[in-house]
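Trainee: Need coordinates for the below:
(chains A and B)
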Amino acid sequence: MSGIGQRELAMTPQAPGKGLRKQEWSLLILLAPALLYFLVYHIVPLFGMAMAFQDFRIIGKSPFVGLKHFKELFGSPSFMQVLANTLIISFMKIVLFFPLPIIFALLLNEVRSSFLRKFIQSTTYLPHFLSWVVIAGVWIAFLSPSTGGANQLRQLFGLPALDYMTDKSSIRWVLFTSETWRSLGWDSIIYLAALASISPSLYESADLDGAGPLQKMWYITLPELTATMVTVFILNLGFFMNAGFDQVFNMMNDSVISVVDILDTYVYRIGLLNMQYSISTAASLFKGVIGLILILAAHKGSLKVTGKGLW
Amino acid sequence: MRKVKTPAAEMAWRCFIAILLLAISLVVLVPLLNLLALSLSDPGRVSEVRGLTVIPKGFSLINYRVLAANPLFVRSILNSIYITVVGTALNLIVTSMAAFALTRPKLPLKRLFQALIVFVMIFEPGLIPEYLVVKKIGLMGSLWAVILYKTVNVYYLIIMMRYFEEIPTSFIEAAQVDGANYMTILGKIILPLSKPALATLGLFYGVFHWNEYFRASIYLTDPNKYPLQLILRQFVVLDDTASLIGSGTLFSYNEAARLSYDALQASTIIVAMLPVLVIYPLILKYYARGVMEGGVKE
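Mentor: Numbers count the residues shown, from 1 in each chain, chains lettered A, B, ... in the order given. Predicted structure coming up:
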């Protein structure tokens, strides 16, 4: 928040008494629709989370049961499996995926032809804007054991057809690969911007010193990218408990549910399909609190390392 | 100039990078073009379309005609357009009003509201409590439950606040001296100066609404109100081929017996991504730049 706002405060003639109050009210009225939205979709549901500590009843008062639902959750092997799935899938999508957009940006940065550059950018950014329903449809078709492109490639190498979508040992890699397909290009933008802001004079003086391309990469490019890398990594860590509901929801099926069921799909299934509102909300609350701690830690970490927080 | 590569090695290195990156582009494009080819192929030759085929075998619009004759499908497109247009307009109005109020120094309780925004950003309430609130206020089954979801996206709100802060306050002060109130200043000065930001966020919000299916699936009960993405999910992800064909249309085409479910599903996917493809050039123009400047990643 720059000093502009302060200046406005100092320079605007202060209307006395009633006038000022009227101005304040008009600002509050402008803010009111947004506040109403936050109230309905964020604040009131927050209080509703108290049901995690109750046996929820639609009619009548819901009795307080303390940590009963949490004990039930942590005592259930299926929930522990869900938790493990969430952490594994998040690890793949955050840690394993992390270097890929950086490498992509570094390679793209080497492309001189602006036509080629634009073509590669326009094609690789596109999947970011497709819904996960569309992407799931595309991937189900591409991985189809009978007609899909992936199995056509396998045939070229003499391998037998494999139904990736229903194969327990493949499905997490399907999630990882389709996430990469969707985000590789888009997530490289932030690194491309950082690369573009590196002063060319650094490279020129390195040239004078006789540095080769690898040395320039190691001593100039990577150090200049470090702040961006740290910010992106820390920010993503803050969302570790998410693991990508829309993707999993649209790509899972009964054959593989045991290895891809994550917290959010569990909350949906237990809550809305099985109508176990209290247990579902207990799982949400658990996820929310851990997520909150992670994001606050990410904020602190980011402030410490780069001097910039998340807000 | 000792360690500089020879021109030939340099050339080979650049060719290698270009080929690698073009291969990545192909990995993105081929599955999409394959579905397009499948959807446009002659029904009799659909079996010739393999997974890596990108040119239609023969040409036919039969799949699209079957979809166009399916009332559920047509209805869902209209619903999606309605949700997207009304939703995006509402998003822009509410977000810009809030962003303007939040960037005025005179706003009472400003710090409280700023804290609220941070809180909304970092803590998601559970699905069930939200579901019960929507039910309680009587929005269940209504398109409004879907339209109102994410009326204000806090990340976009912050982008808009940053944009508004860049507008010189002298414009605002001059108008205030002339006796203009905040509504007039927002409508006559701030918004006309913020067209690029409005365009960018309009695209953000528009794509979000067009792609939304989950809230629709839990809040809507009448299939006639379903948006296209939800119908797509039913047709393709859940593989509900019976409603994909549509009972009334099955016998109205001679070719119907030869129709391929795969081709019909491919056509549905193509229709569902078409609006995104149409506005994609605009997105590239505004979006990429906006994200780079705002530095906010979602």
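
Trainee: In three-state terms, label whichever residue of the stretch 151-300 of chain A sits closest to chain B for me.
Mentor: Residue nearest to chain B within the stretch 151-300 of chain A (C-beta to the nearest C-beta): A:S284, separated by 2.8 Å. Any C-beta I mention is one placed from the backbone N, CA and C, and that applies to glycine too. Here A:S284 is helix, with the state taken from DSSP: H, G, I helix; E, B strand; the rest coil.

Trainee: surely it meets A:Y268?
Mentor: No - with contact defined as C-beta atoms under 8 Å, A:S284 and A:Y268 do not form a contacting pair (10.0 Å).

Trainee: who's in contact with the residue of the stretch 151-300 of chain A closest to chain B?
Mentor: By C-beta atoms under 8 Å, 6 or more residues apart in numbering or on different chains, the residues touching A:S284 are A:M49, A:A52, A:V267, A:G271, B:P125, B:G126, B:L127, B:I128, B:P129.

Trainee: how many neighbours does the first one have?
Mentor: Here the number of neighbours of A:M49 (other C-beta atoms under 10 Å in any protein chain shown) works out to 20.

Trainee: roughly how far apart are it and chain B?
Mentor: The gap separating A:M49 from chain B is 5 Å, by C-beta to the nearest C-beta, to the nearest Å.

Trainee: One more: the second one?
Mentor: Relative to chain B, A:A52 is positioned 8 Å away (criterion: C-beta to the nearest C-beta).

Trainee: What pLDDT is listed against that residue?
Mentor: A:A52 carries a pLDDT score of 93 in this model.

Trainee: any idea what sits nearest it, other than its immediate chain neighbours?
Mentor: Nearest residue to A:A52, sequence neighbours excluded (C-beta to C-beta, 6 or more residues apart in numbering or on different chains): A:A282, at 4.0 Å.

Trainee: Could you break chain A into its assigned domains?
Mentor: Domain assignment for chain A by automatic domain parsing gives A:15-53, A:68-306.

Trainee: and stretch A:155-174, how far from the chain's centre?
Mentor: Between the centre of stretch A:155-174 and the centre of its chain there are 26 Å (C-alpha atoms, centre = their mean, to the nearest Å).

Trainee: CA atoms of it as PDB?
Mentor: In PDB, the C-alpha atoms belonging to stretch A:155-174 read as follows (Å, rounded to 0.1, in the frame of the first residue of the first chain):
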ATOM      1  CA  GLN A 155       2.300 -50.800 -29.500                       C
ATOM      2  CA  LEU A 156       5.100 -49.100 -31.400                       C
ATOM      3  CA  PHE A 157       7.500 -50.400 -28.700                       C
ATOM      4  CA  GLY A 158       5.900 -53.800 -28.700                       C
ATOM      5  CA  LEU A 159       4.300 -53.400 -25.300                       C
ATOM      6  CA  PRO A 160       0.900 -54.800 -24.400                       C
ATOM      7  CA  ALA A 161      -2.100 -52.400 -24.000                       C
ATOM      8  CA  LEU A 162      -2.500 -51.000 -20.500                       C
ATOM      9  CA  ASP A 163      -5.600 -49.500 -19.000                       C
ATOM     10  CA  TYR A 164      -3.900 -46.700 -17.100                       C
ATOM     11  CA  MET A 165      -7.100 -45.200 -15.700                       C
ATOM     12  CA  THR A 166      -8.000 -48.400 -13.800                       C
ATOM     13  CA  ASP A 167      -4.400 -49.500 -13.000                       C
ATOM     14  CA  LYS A 168      -3.600 -48.900  -9.300                       C
ATOM     15  CA  SER A 169       0.200 -48.600  -9.900                       C
ATOM     16  CA  SER A 170      -0.300 -46.100 -12.800                       C
ATOM     17  CA  ILE A 171      -3.100 -43.800 -11.700                       C
ATOM     18  CA  ARG A 172      -1.000 -41.500  -9.500                       C
ATOM     19  CA  TRP A 173       1.400 -41.100 -12.400                       C
ATOM     20  CA  VAL A 174      -1.600 -40.300 -14.500                       C
END
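
Trainee: what about the lowest-mean-pLDDT helix or strand in chain B, near chain A?
Mentor: Of all helical and strand segments in chain B, the minimum by mean pLDDT, DSSP states H and E falls on helix B:241-245, at a mean of 74. No - shown here: helix B:241-245 not in contact with chain A (C-beta under 8 Å from any C-beta of the partner chain), separated by at least 12.0 Å.

Trainee: Tell me which other helices or strands that helix touches.
Mentor: helix B:261-294 (3 or more C-beta pairs under 8 Å, 6 or more residues apart in numbering or on different chains; DSSP states H and E).

Trainee: ok so, going back, name the nearest of the contacts of A:S284 relative to B:S39.
Mentor: B:L127 (34.7 Å; C-beta to C-beta).

Trainee: related to what we said a few turns ago, can you check what pLDDT the model gives the residue nearest to A:A52?
Mentor: pLDDT for A:A282: 96.

Trainee: Now do the same contact list for B:W210.
Mentor: So B:W210 contacts A:S131, B:S80, B:T84, B:Q229, B:P275, B:V276 (C-beta under 8 Å, 6+ apart).

Trainee: how close does the fourth one get to A:H299?
Mentor: B:Q229 sits 33 Å away from A:H299, taking C-beta to C-beta, to the nearest Å as the criterion.

Trainee: where are the low-confidence patches of the stretch 201-311 of chain A?
Mentor: The stretch 201-311 of chain A contains residues with pLDDT under 70 at A:310-311.

Trainee: Can you pull the residues of it lying near chain B?
Mentor: Contact residues, the stretch 201-311 of chain A versus chain B (C-beta under 8 Å from any C-beta): A:207, A:210-213, A:215, A:232, A:235, A:238, A:245-246, A:249-250, A:264, A:267-268, A:271-272, A:277, A:280-281, A:283-285, A:288, A:291-292, A:295-296, A:311.

Trainee: Selecting buried members of these in PyMOL, what would you type?
Mentor: Buried residues among these (16 or more other C-beta atoms under 10 Å in any protein chain shown), as a PyMOL selection:
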select buried, chain A and resi 211+213+232+235+238+245+246+249+250+264+267+268+271+272+277+280+281+283+284+285+288+291+292+295
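
Trainee: Could you list the low-confidence segments of the stretch 101-250 of chain B?
Mentor: Counting by pLDDT under 70, the stretch 101-250 of chain B contains low-confidence ranges at B:246-250.

Trainee: quick one: the helices in it?
Mentor: Taking DSSP state H, counting those that start in this stretch as the test, the helices found in the stretch 101-250 of chain B are B:110-122, B:127-136, B:143-148, B:154-166, B:169-177, B:182-185, B:191-193, B:195-211, B:214-219, B:228-232, B:241-245.

Trainee: buried stuff in the last one?
Mentor: Read it as helix B:241-245. Buried residues in helix B:241-245 (16+ other C-beta under 10 Å): B:L244, B:I245.

Trainee: returning to that earlier point: show me whatever sits in contact with both of A:S284 and A:Y268.
Mentor: B:L127.

Trainee: returning to that earlier point: return the closest of the contacts of B:W210 with respect to B:T6.
Mentor: B:T6 lies nearest to B:V276 out of the contacts of B:W210, by C-beta to C-beta, at 45.4 Å.

Trainee: Tell me how many other residues surround the residue nearest to the closest one when sequence neighbours are not counted.
Mentor: Nearest non-adjacent residue to B:V276, counting by C-beta to C-beta, 6+ apart: A:F129, 5.0 Å away. Neighbours of A:F129 under the rule other C-beta under 10 Å: 22.
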